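1. Give me a model of this one.
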Amino acid sequence: MESLEKYFDKFRKNIIGIDQEYDTPYGKKKIIYNDWLAGGRLYGPIEKKIA
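-> Numbers count the residues shown, from 1 in each chain. As a prediction, this is how the structure comes out:
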């Protein structure tokens with residue numbers, strides 16, 4: 001499984017907003033994205049191309 005994660009890491013790094021955090025009264029929390037099907041996440045190289 002590690003080699004599969006390593007392969008897709010280069011794609012993961014180009015997802016806009018990956019590893020973003022926000023401040024809460026309990027400290028910083030990571031944003032959990034749960035709508036991959038309907039909305040999807042923005043992918044840097046594609047956004048750069050169409051912009």
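2. Would you mind measuring the gap between the ends of stretch 3-20?
-> Counting by C-alpha to C-alpha, to the nearest Å, you get 25 Å between the two ends of stretch 3-20.
3. can you give me how far that stretch is from the chain middle?
-> Offset of stretch 3-20 from its chain centre (C-alpha atoms, centre = their mean, to the nearest Å): 7 Å.
4. Next SSE downstream of the lowest-mean-pLDDT helix or strand in the chain?
-> For the chain, using mean pLDDT, DSSP states H and E, the weakest element among its helices and strands is helix 2-12, scoring a mean of 91. Counting by DSSP states H and E, the next helix or strand C-terminal to helix 2-12 is strand 21-24.
5. So which residue is dead centre in this structure?
-> The C-alpha lying nearest the average C-alpha coordinate of the chain belongs to residue 18 (C-alpha atoms, centre = their mean; 2.9 Å).
6. thinking it is in contact with residue 12, fair?
-> Yes. Residue 18 lies in contact with residue 12 (C-beta atoms under 8 Å); the separation is 6.2 Å. C-betas here are computed from N, CA, C, even on glycine.
7. Residue ranges in the chain under the pLDDT threshold?
-> For the chain, applying pLDDT under 70 flags the ranges 1, 36, 38.
8. Now the closest residue in space to residue 11 that isn't next to it in sequence: phi and psi?
-> Nearest residue to residue 11, sequence neighbours excluded (C-beta to C-beta, 6 or more residues apart in numbering): residue 43, at 7.8 Å. When quoted as degrees, to the nearest 10, the phi and psi of residue 43 stand at phi -110, psi 120.
9. Residue 29 now?
-> Here is the backbone geometry of residue 29 (degrees, to the nearest 10): phi -130, psi 150.
10. Identify the bridge partners of it.
-> Beta bridges link residue 29 to residue 22, judged by DSSP bridges.
11. Fine by me, thanks again.
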